[in-house]
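S.K.: following is a predicted model, sequence given first.
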Amino acid sequence: MMKKLARVLSPLLIACLVLGSLPVAAAPASPTEGGLVSTQDALSADQVQADRERIDDVLSRQDVQDQLLAQGVDPADVRDRVDALSDQEVHDMADRLDDMPAGASVVGALFAVFVILLVTDILGLTDVFPFTR
């Protein structure tokens, strides 16, 4: 009885071990799946995070929020739109903050936010300004 069972199970076990040891063709792993991350990707991710924090710092200032409200824009909507920006748009916006002279950062930041919201409103992605319809 044992020899008969061994004769049946042995080929099955051998086949399972052979098939289990074959390499599996799979798509390359993304960084979120534990794959390798290049130094450039890691540095750019850090830079984007720093840019988002700088923009958030400017938007959290009371004088900026007062100006947004004076122009009829809800600061929460602005934060949502900034969160939805691509990494390149965030980098461009942060560069504009760097290029502004001291003392003009509030006006320049508001202008940059206004232009971004205006463009997204014209493209139909947002519904912030009623005069774009």
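M.R.: Received it, and whenever you're ready, just let me know what you need.

S.K.: buried residues in the longest helix belonging to the chain?
M.R.: Longest helix of the chain, by residue count under DSSP state H: helix 39-60. In terms of neighbour count (16 or more other C-beta atoms under 10 Å), helix 39-60 has its buried residues at V48, D51, R52, I55, V58, L59. Every residue, glycine included, has its C-beta placed from N, CA and C.

S.K.: restricting to C-alpha, output the following helix or strand past that helix in CSV.
M.R.: On the C-terminal side of helix 39-60, the nearest following helix or strand under DSSP states H and E is helix 62-70. What follows is the C-alpha trace of helix 62-70 in CSV, where atoms were taken according to Å, rounded to 0.1, in the frame of the first residue of the first chain:
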residue,chain,number,x,y,z
GLN,A,62,-3.4,84.8,7.4
ASP,A,63,-2.7,87.7,5.1
VAL,A,64,-2.7,85.4,2.1
GLN,A,65,-6.0,83.8,3.2
ASP,A,66,-7.5,87.3,3.7
GLN,A,67,-6.5,88.2,0.2
LEU,A,68,-8.0,85.0,-1.2
LEU,A,69,-11.3,85.7,0.6
ALA,A,70,-11.3,89.3,-0.6
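
S.K.: just the residues contacting the helix or strand following helix 62-70, thanks.
M.R.: Proceeding N to C from helix 62-70, the next assigned helix or strand is helix 75-83, under DSSP H and E. Applying C-beta atoms under 8 Å, 6 or more residues apart in numbering, the contact partners of helix 75-83 are 52, 55-56, 59, 65, 68-69, 90, 93, 113, 116-117, 120, 126, 128.

S.K.: give me the buried entries from those.
M.R.: Here the buried ones among the contacts of helix 75-83, as counted with 16+ other C-beta under 10 Å, turn out to be R52, I55, L59, L68, V90, M93, V113, I116, L117, T120, T126, V128.

S.K.: cool, thanks, signing off.
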